[in-house]
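**Student:** Sequence plus predicted model, see below.
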Amino acid sequence: MAEQSIIRVEHLTIGYGGKALLDELNFEVRHGEVFAILGGSGSGKSTLLKHMIGLFPPMHGHIWLDGIDIATAEGAARLSALRRIGVAYQSGALFGSMTLAQNVRLPLEEYTELPDEAIELIAHTKLDLVGLKDFAESLPAEVSGGMQKRAAIARAMALDPAILFLDEPSAGLDPVTSAGLDQLILRLKRGLAVTFVVVTHELPSIFTIADRVIMLDPHVRGIVAQGRPQELRENSDNPAVRQFFNRQAGALETA
Amino acid sequence: MALLCTLVRSLISMPLNALSAAGLEPGPTEGTTAVVRLSGRLDAYSVGPLWNMALAALAARGSVPVVIDAAGVDYCDGAGIALLIDLLRRPRPAGAEVSLRNLHSPFDRLFQQFDPKRFAPRPAPPRSREPLAERVGAVGAQVLREGYERIAFVGEFAAAVARTLTTPLRMRWGDALVIARDVGADAVPIVVLIGFLIGVILAFQTAVALRDFGADIFVANAVALAVLRELGPLMTAIILAGRSGSAFAAEIGTMKVNEEINALITMGLSPVRFLVVPRLLAGFLLCPLLTVIADLLGLMGGAAVMRSFGVPIVTYFQQVQSVATLGDLFGGLAKAFAFGLLVAGVGCMQGLKTGEGAISVGQSTTRAVVGGIILIVAADSVFAVIYNVLDI
């Protein structure tokens, strides 16, 4: 079960305006693992994530989410793929006119026939998971940026999706909150067998949560390394990977 | 020692030439090598006057090697380093190179961060312009693409409205009511004001001409027909474009920039059904309601002016009743439905077309208002032709 893949990316080429940013990507994410996408600024991590959740059409290739190619699926098939995923965006992307609880309630209201009290209770349990139960009635603008991110994770979990995509969940959070978030991810992974795809560049977080990682590099327009983070740190002979894991400063120049 | 450090630091951080002004002077020539001495404080405030002098000094010694002696420099910040780089980076003939010496620590360490050759002035890349035909073609293709996009938007909007009408329970009526309040109830005061003033202006303007003929009473005809048929719906729609069309574009545009639209899409929820349909319905239903208010207040404005001319209000309204038909009223209201739909549609479309960043939200808002007003006037002229043909 653990070895079965839930996401398969095949021959994927992505980019903007006819120019490929990442070329010929092939990887898979296994059931119930935490899979991290690493890379420096501008390496295309978030862009890759947005393709994996079907926001942008790829220039070429396939992204199989639980058997459905999100790159080409339309209508009911696409909807059924989207129902299996939850996404927490980098900025939170909460709906500003709704309270945190209303944000979490929204997918439940739209997709389930649950009575109102049940929806209310579920929303509060999700907010409790991320430590925001006391802020349920606050508007996003009334809470801090870190709280918004956590609320976004609660909203992404509203329908208990099989796969959660997190775009830089701990960026901009203090180390304690960030460690708490890592623990949350591990709890959900163990308890609910949720598969995580996390875009990050926080080293402590990677070593705590990630089962496997891929590292993107804009210079080679693709994946420079994949595997377990500990193995990569110890065994990789790729200078970019060594630099990343050993936190060495490199030339900032990209030319 | 600590005291000394503090003193030195405070001296270094003293503003504007407090220690000693930056200076430049020629030094004694060493063999064939010319020497230029820099001295004093080189910072962002003091190097300005020096910069061109220094470049001129080097240019004047264009054929011999030049040494810049920085022994007299007692402070140098990023701007001073930039000056030194500028002096060293310029291409010189062979055998006439520029070099630097005697820059004190710690400034030399800052300087060594940079290689002046990497900052050598590069010729501006030649501006390649595509041939005329290609540019015309590109513009044409762009126009076609945008036209296609618009048609697609209209189709998508229409489909979403149709779906909502067949499954009204799926509509988020709570959101729709809030939007309706913003579009409708909150606009009443300004519609009242503008409607009344339009009536007053019309009455005064027509009275100027008609009074000379003792035909004061016919002011009512002008006011009634103009307000009911044209100005009521038109002014209401323009107010709507300014108040709500812009708000729709800014709201949806900001949601797009904040990835909220993306969040809806990945939840499998259609932004059109969620955001556009309630706004279209609000515009469609409330523009005529506001128009009724504008019509009424326009007629009252006319009445007020007539009253000041000594025409009794009853007489004025009898005249209005005798000239204006229900066809005039409903003709105007029919236009208001269309205007409301257009204003809301353009606002939402521009919002969804917003690109990245705050600037594009501003652009969308502008396009929503301008596009809205253009469409209102264009639609009004279409209505004029249709009504003429139908003899309404």
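**Tutor:** Arrived safely, thanks for sending. Residues are numbered from 1 along each chain as shown, chains lettered A, B, ... in the order given.
**Student:** mind checking how far stretch B:189-202 is from the chain centre?
**Tutor:** Per C-alpha atoms, centre = their mean, to the nearest Å, the displacement of stretch B:189-202 from the mean C-alpha position of its chain is 29 Å.
**Student:** Let me see the residues that make contact with it.
**Tutor:** Residues lying outside stretch B:189-202 but in contact with it, judged by C-beta atoms under 8 Å, 6 or more residues apart in numbering or on different chains, are B:222-223, B:226-227, B:231-232, B:235-236, B:239, B:243, B:290, B:293-305. To be clear about C-beta, it is placed using only N, CA and C from the backbone, and glycine gets the same treatment.
**Student:** run the last query once more with 6 Å
**Tutor:** Stretch B:189-202 is contacted by residues B:223, B:226, B:231, B:235-236, B:239, B:290, B:293-294, B:297-298, B:301-302, B:305 when judged by C-beta atoms under 6 Å, 6 or more residues apart in numbering or on different chains.
**Student:** same question, stretch B:357-365
**Tutor:** With C-beta under 6 Å, 6+ apart as the test, stretch B:357-365 has contacts from B:S246, B:A249, B:A250, B:G253, B:T254, B:Q350, B:G351, B:T354.
**Student:** May I have the strands that pair with the one helix or strand B:I68 maps to, each with its orientation?
**Tutor:** With secondary structure defined by DSSP states H and E, B:I68 is part of strand B:66-76. Using DSSP bridges, the strands paired with strand B:66-76 are strand B:33-42 (parallel), strand B:98-101 (parallel).
**Student:** Buried residues, the helix or strand just after the longest one. List them.
**Tutor:** Of the helices and strands lying after strand B:33-42 in sequence (DSSP H and E), the nearest is helix B:47-60. The neighbour-count criterion (16 or more other C-beta atoms under 10 Å in any protein chain shown) identifies B:V47, B:L50, B:W51, B:A54, B:A57, B:L58 as the buried residues of helix B:47-60.
**Student:** surely A:G32 meets A:L192?
**Tutor:** No: with contacts defined as C-beta atoms under 6 Å, A:G32 does not count as touching A:L192, sitting 9.3 Å away.
**Student:** okay, these two: which has more neighbours?
**Tutor:** Counted by other C-beta atoms under 10 Å in any protein chain shown, A:G32 and A:L192 do not tie: A:G32 has more neighbours, with 19 against 13.
**Student:** Nearest residue to the more buried one in space, ignoring adjacent ones along the chain?
**Tutor:** A:A193 (4.7 Å; C-beta to C-beta, 6 or more residues apart in numbering or on different chains).
**Student:** before we move on, what about B:V369?
**Tutor:** In space, B:V369 comes closest to B:S246 once its chain neighbours are excluded; the distance is 5.0 Å by C-beta to C-beta, 6+ apart.
**Student:** Neighbours of that neighbour, how many?
**Tutor:** B:S246 sits with 23 neighbouring residues when counted by other C-beta under 10 Å.
**Student:** For it, what is the enclosing helix or strand?
**Tutor:** helix B:246-257.
**Student:** just how off-centre is the helix or strand following that helix within its chain?
**Tutor:** Where DSSP H and E defines the elements, the next helix or strand beyond helix B:246-257 is helix B:260-266. Put simply, helix B:260-266 sits 25 Å off its chain's centre (C-alpha atoms, centre = their mean).
**Student:** Buried ones in helix B:260-266, by neighbour count?
**Tutor:** Applying a neighbour-count criterion of 16+ other C-beta under 10 Å, one finds B:E260, B:I261, B:N262, B:A263, B:L264, B:I265, B:T266 buried in helix B:260-266.
**Student:** pLDDT at the closest residue to A:I68 other than its chain neighbours, what is it?
**Tutor:** Computed as C-beta to C-beta, 6+ apart, the closest residue to A:I68 that is not its neighbour in sequence is A:A81, at 4.1 Å. At A:A81, the predicted lDDT confidence score is 90.
**Student:** Is A:A81 in a helix, a strand, or coil?
**Tutor:** Reducing the assignment to helix, strand or coil with DSSP: H, G, I helix; E, B strand; the rest coil, the entry for A:A81 is helix.
**Student:** what's near enough to touch A:S91?
**Tutor:** Shown in contact with A:S91 (C-beta under 6 Å, 6+ apart): B:E259.
**Student:** So what does it look like in phi/psi?
**Tutor:** Torsion angles at A:S91 (phi, psi; degrees, to the nearest 10) stand at phi -90, psi 0.
**Student:** what about it, distance to A:S97?
**Tutor:** Plainly put, A:S91 is 16 Å away from A:S97 if you go by C-beta to C-beta, to the nearest Å.
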